[in-house]
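Engineer: Below: sequence and its predicted model.
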Amino acid sequence: MAEPAEASNGSIHLAGATLHRCGHVCAFFHDQDEEYRVLTPFIVEGFRKGDKAFHIVDPKLRGMHLERLQQAGIDVTQAQRSGQLEILSWEESYLRDGRFDQHQTLAFIQEVLERGKSQGFPHTRIVSHMGWVLEDRPGVNDFLEYEARVNRILVKYPDPVI
């Protein structure tokens, strides 16, 4: 794990606000430029504080996502090598076995948060692109129930999930 350049004081900022109680934040954006304008400071702050960055992205946009992180001053190669940055596709996370299984995904999210803690990171900042729910995917009808259930898990962790 990389040593943080700035001590984690527990405060986490998103879109000009301080998140006093971490948990689940849903954000909608008009386009990718707006999305990165809002999320990049949150992501960069996490790197400065030594937090783990766990991102789930559209597999078609993985290269662009890595490029945006690099442009923000993040040494992507080093961050991935050290374990501070993990980037997975939808198929590696939400859509394992070609379908959405809410129970499997709930266990997966909890495992990600526990792993970050066991690796010694102050927080795990999860950023997840959810565009797959707009597609005709098996199991997608369980998504709203999943969203309600994931909130019950996230209250046990001090980690922000966007």
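Structural biologist: Perfect, thanks for sending it. These figures come from a predicted structure and were not determined experimentally.
Engineer: distance of residue 84 from residue 114?
Structural biologist: 17 Å (C-beta to C-beta, to the nearest Å). Heads up, the C-betas are built off the backbone N, CA and C, glycines and all.
Engineer: next one: residue 31
Structural biologist: Taking C-beta to C-beta, one finds residue 31 at 34 Å from residue 114.
Engineer: more crowded one of those two?
Structural biologist: residue 114 (12 against 8; other C-beta atoms under 10 Å).
Engineer: can you tell me how far the more buried one sits from residue 142?
Structural biologist: 23 Å.
Engineer: same check, this time on residue 29
Structural biologist: For residue 29, the distance to residue 142 - C-beta to C-beta - is 24 Å.
Engineer: ok, these two, which is more surrounded?
Structural biologist: With neighbours defined as other C-beta under 10 Å, residue 29 and residue 142 compare such that residue 142 has more, 16 against 13.
Engineer: phi, psi of residue 49?
Structural biologist: phi -90, psi 0 (degrees, to the nearest 10).
Engineer: What's the separation between it and residue 43?
Structural biologist: 11 Å.
Engineer: could you pull out the helices for the protein?
Structural biologist: Assigned by DSSP state H, the chain shows helices spanning 32-48, 62-71, 76-82, 102-118, 143-154.
Engineer: okay, the ones you listed in CSV with distance to residue 133 next?
Structural biologist: Below are these laid out as CSV (distance: least, C-beta to C-beta, whole Å):
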stretch, distance to residue 133
helix 32-48, 16
helix 62-71, 18
helix 76-82, 27
helix 102-118, 12
helix 143-154, 5
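Engineer: For residue 54, find the nearest of these.
Structural biologist: helix 102-118 (5.5 Å; C-beta to C-beta).
Engineer: And the closest one, what's buried?
Structural biologist: 102, 105, 108, 109, 112, 113, 116, 117 (16 or more other C-beta atoms under 10 Å).
Engineer: What of stretch 32-50?
Structural biologist: 35, 36, 39, 40, 42, 43, 45, 46, 47, 49, 50.
Engineer: Show me which of those residues is closest to residue 95.
Structural biologist: Looking across those and measuring by C-beta to C-beta, the closest to residue 95 is residue 35, at 20.8 Å.
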